[in-house]
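Chemist: predicted model, plus sequence, below.
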Amino acid sequence: QVEMVESGGGSVQAGGSLRLSCAASGRTASSHFIGWFRQAPGKEREYVAAISKSSASVDYVDSVKGRFSISRDNAKNTVYLQMNSLKPEDTGVYYCNGFVDYFSRRTFEYWGQGTQVTVSS
């Protein structure tokens with residue numbers, strides 16, 4: 001069962017921008033918090049940002065604060081990640097997922113295919 005489909009990735013030069021989309025369904029769409037994560041080559045997947053169902057609460061990892069912006073359209077069951085001032089270290093596969101328990105960062109076990117972001121210097 002597909003619960004999320006990520007899209008919007010691509011290849012950009014440093015300083016460029018991309019907007020990622022996460023079309024959610026099922027448990028992910030109904031999650032109070034939905035997050036974005038990324039996995040760089042040879043590294044473990046890491047948390048990037050999260051947003052509450054009402055969009056009143058957002059959170060970012062320190063490395064993207066001031067550059068990335070997460071938003072959510074509940075009518076479309078879609079979560080977005082606007083990424084500006086991209087850096088080569090932002091390169092990786094980006095995933096979205098719902099949180100089973102946001103405060104422990106525990107997500108649903110299923111992960112989608114993700115969308116590749118490549119930033120060249």
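Modeler: Alright, I've got the coordinates. Numbers count the residues shown, from 1 in each chain.
Chemist: from now on I want contacts and neighbour counts done on CA atoms only, so please keep to that.
Modeler: Noted.
Chemist: tell me, please, the helix or strand in this protein that averages the lowest pLDDT.
Modeler: The helix or strand of the chain with the lowest confidence, counting by mean pLDDT, DSSP states H and E, is helix 26-30 at a mean of 87.
Chemist: for that one, packing partners?
Modeler: For helix 26-30, the packing partners by 3 or more C-alpha pairs under 8 Å, 6 or more residues apart in numbering; DSSP states H and E come out as strand 92-101.
Chemist: helices and strands around the strand it packs on, which ones?
Modeler: Against strand 92-101 (3+ C-alpha pairs under 8 Å, 6+ apart) you get strand 4-7, helix 26-30, strand 33-39, strand 106-107, strand 115-120.
Chemist: list the buried residues for that strand?
Modeler: For strand 92-101, the neighbour count (16 or more other C-alpha atoms under 10 Å) marks 92-100 as buried.
Chemist: for that strand, which strands pair with it and how are they oriented?
Modeler: Strand 92-101 sits in its sheet next to strand 33-39 (antiparallel), strand 106-107 (antiparallel), strand 115-120 (antiparallel), going by DSSP bridges.
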